[in-house]
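K.L.:
Let me see the structure of the following:
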Amino acid sequence: MSQTQFEIKKKSKLPWIIGLIVVVVITGVLMSKKQSSASQAKAESNVLKVHYEPTMIGEKSLIEYANTHIAPDYGIQLEAVGVQDPVQANRAVNDGEFDGTIYQHQWWLKQVSEANGFKLVPTTEIYQWAFGIYSDRYKQVQDLPKGATFAVPNDLANQAQALWLLQREGFIELDSAIEPRTAKLKDIKKNPHEFKFIEIELLSMARTLDSVDAAIGYVAQFDAGKVPRSKGILFPAAPRTFASRLVVAENRQNEANIQKLQQVFADPRVEEYLKTTDDLNVKGILTPVSKD
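P.N.:
Numbering: from 1, shown residues only. Model (predicted):
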């Protein structure tokens, strides 16, 4: 073998060595990126999207409080997401786009789920929405005249809650054969004050106040409509069965992070926050869960 041949063969190994080094480097970089992406994905999976009703801004305050003061103890983070359309919000939870929602009680959920085929479950009780009877014309509920016009919500779930509250306060009597949570106007059996009930969309309740003698609905809705709380003539305690629930997708309720989400909202610090907060978006609007 000549010296020339030897040199040619010797030099021919260099590209192979360089190529091997390049492959090793690229592989290392790709593995590093993959590990980084996996770590990032794992971190992001601990951020849970929780829906709130935008007109009920106190719900956002509650989620943000829980994210700052409670969620870290359970190893998760909460992202508050507002969607105005309640059906679309439930659809997002059903489809896995959101991890949960805190804006509804179990009976509204049942109504929406049955109408849309959603597979959702109510879990932890979180708070009650304060209900109020408001009037532009009278200062006390006792001043309401016989035959007064009374606005009540037109959707079945919230109308039932309004009528149940009126029965608990002694204004009407419902048919004893029905469950109060299912009550409709036709189920009123005694109306000693001869109130004339008018069905109004919940979101329009505040705008309707000047055209009726009284209206009953959520304090938050009247607040959103710029109706001062001084117009409230009675704030009855809401039945526990209408407490807000953390609602999650049925097929995800046993996931570790969904279980942690339930633990966050079941934490005693949530009730303490509702009792003591000075946040005007929460105080007097979202209250601790009723005893009955």
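K.L.:
so which helix or strand takes in residue 93?
P.N.:
helix 86-94 (DSSP states H and E).
K.L.:
In its sheet, which strands sit next to the helix or strand following that helix, and in what direction?
P.N.:
Using DSSP H and E, the helix or strand that directly follows helix 86-94 along the chain is strand 100-105. Using DSSP bridges, strand 100-105 pairs in its sheet with strand 47-52 (parallel), strand 244-249 (antiparallel).
K.L.:
The ones you listed into CSV, with extra columns for distance to residue 234, mean neighbour count and mean pLDDT?
P.N.:
(Each C-beta comes from the backbone N, C-alpha and C, glycine too.) Listed next are the strands paired with strand 100-105 as CSV, based on distance: least, CB to CB, whole Å; neighbours: other CB atoms under 10 Å; pLDDT from 0 to 100:
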stretch, distance to residue 234, mean neighbour count, mean pLDDT
strand 47-52, 27, 21, 96
strand 244-249, 21, 25, 97
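K.L.:
hang on, the earlier thing: buried ones in the helix holding residue 93?
P.N.:
86, 89, 90, 91, 92, 93, 94 (16 or more other CB atoms under 10 Å).
K.L.:
can you tell me which residues contact the closest residue to the last one other than its chain neighbours?
P.N.:
In other words, residue 94. Counting by CB to CB, 6 or more residues apart in numbering, residue 94 lies nearest to residue 118, which is 4.4 Å off, once chain neighbours are set aside. Residues near residue 118 by CB atoms under 8 Å, 6 or more residues apart in numbering: 90, 91, 93, 94, 112.
K.L.:
from the buried residues of helix 86-94, which is closest to residue 251?
P.N.:
residue 94 (9.2 Å; CB to CB).
K.L.:
Am I right that that closest one is in contact with residue 109?
P.N.:
No. Using CB atoms under 8 Å, residue 94 is not in contact with residue 109; the gap is 11.0 Å.
K.L.:
Residues in contact with both of these two, list them for me.
P.N.:
residue 120.
K.L.:
on that earlier part again, for residue 66, which of the strands paired with strand 100-105 is the nearest?
P.N.:
strand 47-52 (8.4 Å).
K.L.:
Which SSE is immediately downstream of the closest one?
P.N.:
helix 57-69.
K.L.:
May I have that following helix as CSV, with CA atoms only?
P.N.:
Extracted in CSV, the C-alpha atoms of helix 57-69 (Å, rounded to 0.1, in the frame of the first residue of the first chain):
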residue,chain,number,x,y,z
ILE,A,57,-67.9,39.5,39.1
GLY,A,58,-67.7,38.3,42.7
GLU,A,59,-67.3,34.8,41.3
LYS,A,60,-64.0,35.9,39.7
SER,A,61,-62.9,37.5,42.9
LEU,A,62,-63.5,34.2,44.7
ILE,A,63,-61.6,32.2,42.1
GLU,A,64,-58.7,34.6,42.3
TYR,A,65,-58.7,34.4,46.1
ALA,A,66,-58.7,30.6,46.0
ASN,A,67,-55.8,30.7,43.5
THR,A,68,-53.7,32.9,45.6
HIS,A,69,-54.4,31.6,49.1
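K.L.:
quick one: buried residues of it?
P.N.:
In helix 57-69, counting by 16+ other CB under 10 Å, buried: 57, 58, 59, 60, 61, 62, 63, 65, 66, 67.
K.L.:
Burial check on residue 96, number of neighbours?
P.N.:
The burial count assigned to residue 96 is 11, neighbours taken as other CB atoms under 10 Å.
K.L.:
Tell me how far it lies from residue 180.
P.N.:
35 Å (CB to CB, to the nearest Å).
K.L.:
and the least confident of the buried residues of helix 57-69?
P.N.:
Within the buried residues of helix 57-69, residue 57 has the lowest pLDDT, namely 88.
K.L.:
how about the nearest residue to that residue, chain neighbours excluded?
P.N.:
residue 281 is the one closest to residue 57 (CB to CB, 6+ apart), at 4.7 Å.
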